[in-house]
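Peer 1: When you get a sec, could you give me coordinates for this:
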Amino acid sequence: MSKSVIPIMLDISESFESERLLIRAARWGDGAEMNEAMAESLNELKPWMIFAQSLQTPEETEQYARESRLKYLDRSNMHMNIYNKADGTFIGCSGLHHIDWDVRAFELGYWIRSSCAGKGYMTEAVKAITEFTIRELEANRIEIRCSGRNVKSAAVAERTGYKLDGILRLSARGFDGELHDTKVYAKVRGAEF
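Peer 2: Below is the predicted model:
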């Protein structure tokens with residue numbers, strides 16, 4: 001039997017870098033730039049993200065940033081903002097969700113601002129977050145889940161070396177009202193790392 005983990009007692013970095021990116025936990029005051037990126041990207045995000053069904057107010061996005069900060073600190077959900085190191089541009093969000101500290105299993109999610117898409121930023125961010133999760137959080141399993149129709153999200157998972165564990169057929173209702181398959185990609189200790 002493994003020793004029980006008390007997540008809040010874990011010393012975990014709040015920021016780290018890749019070649020072009022700064023990836024960090026949300027902070028008070030991040031809501032304005034997040035809201036601006038959401039407004040710019042609403043049409044592209046709407047088919048896949050619950051928060052993109054309508055534009056949030058800047059106050060709602062700031063509240064989300066503050067709640068995300070608290071959840072990062074108690075380790076229940078680890079939201080991360082992604083920035084271009086060269087000019088400080090807010091690129092998008094990622095994070096570790098549905099965390100099981102006993103198993104050390106994490107689900108990695110992400111979205112990118114439309115003006116930053118197609119430049120390899122999200123692939124770079126997912127690689128860096130994966131390495132962080134393996135190294136610092138001692139992950140045994142990391143998953144990426146996406147709609148079977150979300151070709152771009154699936155491509156990021158595949159480019160970053162995640163293996164398709166399976167397809168959950170007609171397992172979720174999409175925001176278009178139709179049933180969608182869910183693709184489940186994963187990396188597991190002893191196989192992919």
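Peer 1: How about residue 59, nearest residue that isn't a chain neighbour?
Peer 2: Nearest residue to residue 59 in three dimensions, chain neighbours excluded: residue 31, at 7.5 Å (Cβ to Cβ, 6 or more residues apart in numbering). In this view, the C-beta of every residue, glycine as well, is placed from N, C-alpha and C.
Peer 1: Who are the contact partners of the one you found?
Peer 2: The contact partners of residue 31, taken as Cβ atoms under 8 Å, 6 or more residues apart in numbering, are 58-66.
Peer 1: now do 6 Å
Peer 2: Residues near residue 31 by Cβ atoms under 6 Å, 6 or more residues apart in numbering: 58, 61-62, 65.
Peer 1: which stretches of the protein form helices?
Peer 2: When secondary structure is read from DSSP state H, the chain shows helices at 31-45, 58-74, 121-135, 151-159.
Peer 1: State the mean pLDDT of the second one.
Peer 2: This points to helix 58-74. What helix 58-74 shows for mean pLDDT is 97.
Peer 1: ditto for the third one
Peer 2: Mean pLDDT, helix 121-135: 98.
Peer 1: ok, back up a step: put together CSV for the contacts of residue 31, with distance to residue 128 and neighbour count on each row.
Peer 2: Output for these, formatted as CSV (distance: Cβ to Cβ, whole Å; neighbours: other Cβ atoms under 10 Å):
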residue, distance to residue 128, neighbour count
58, 28, 16
61, 24, 22
62, 26, 18
65, 21, 23
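Peer 1: how about JSON lines for the residues you listed, with distance to residue 6 added?
Peer 2: Shown next, in JSON lines, are the contacts of residue 31 (distance: Cβ to Cβ, whole Å):
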{"residue": "58", "distance to residue 6": "36"}
{"residue": "61", "distance to residue 6": "31"}
{"residue": "62", "distance to residue 6": "30"}
{"residue": "65", "distance to residue 6": "26"}
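Peer 1: buried ones in stretch 75-83?
Peer 2: Judged by neighbour count (16 or more other Cβ atoms under 10 Å), stretch 75-83 contains these buried residues: 75, 78-83.
Peer 1: Now tell me what touches it from outside.
Peer 2: Outside stretch 75-83, the residues that touch it by Cβ under 6 Å, 6+ apart are 7-8, 21-24, 26, 68, 71-72, 90-97, 125.
Peer 1: where in the protein is pLDDT low?
Peer 2: Filtered on pLDDT under 70, the chain yields the residue ranges 1-3.
Peer 1: Swap in 90 and give it another go.
Peer 2: For the chain, the stretches with pLDDT under 90 are 1-5, 50-51.
Peer 1: Residue 44 reaches residue 114, doesn't it?
Peer 2: Yes - at 5.2 Å, residue 44 counts as touching residue 114 under the criterion of Cβ atoms under 6 Å.
Peer 1: about what we covered before: among the helices of the chain, which comes closest to residue 191?
Peer 2: When the helices of the chain are ranked by proximity to residue 191, the top entry is helix 121-135, at 12.2 Å, counting by Cβ to Cβ.
Peer 1: just how off-centre is the closest one within its chain?
Peer 2: Taking Cα atoms, centre = their mean, to the nearest Å, one finds helix 121-135 lying 10 Å from the centre of the chain it belongs to.
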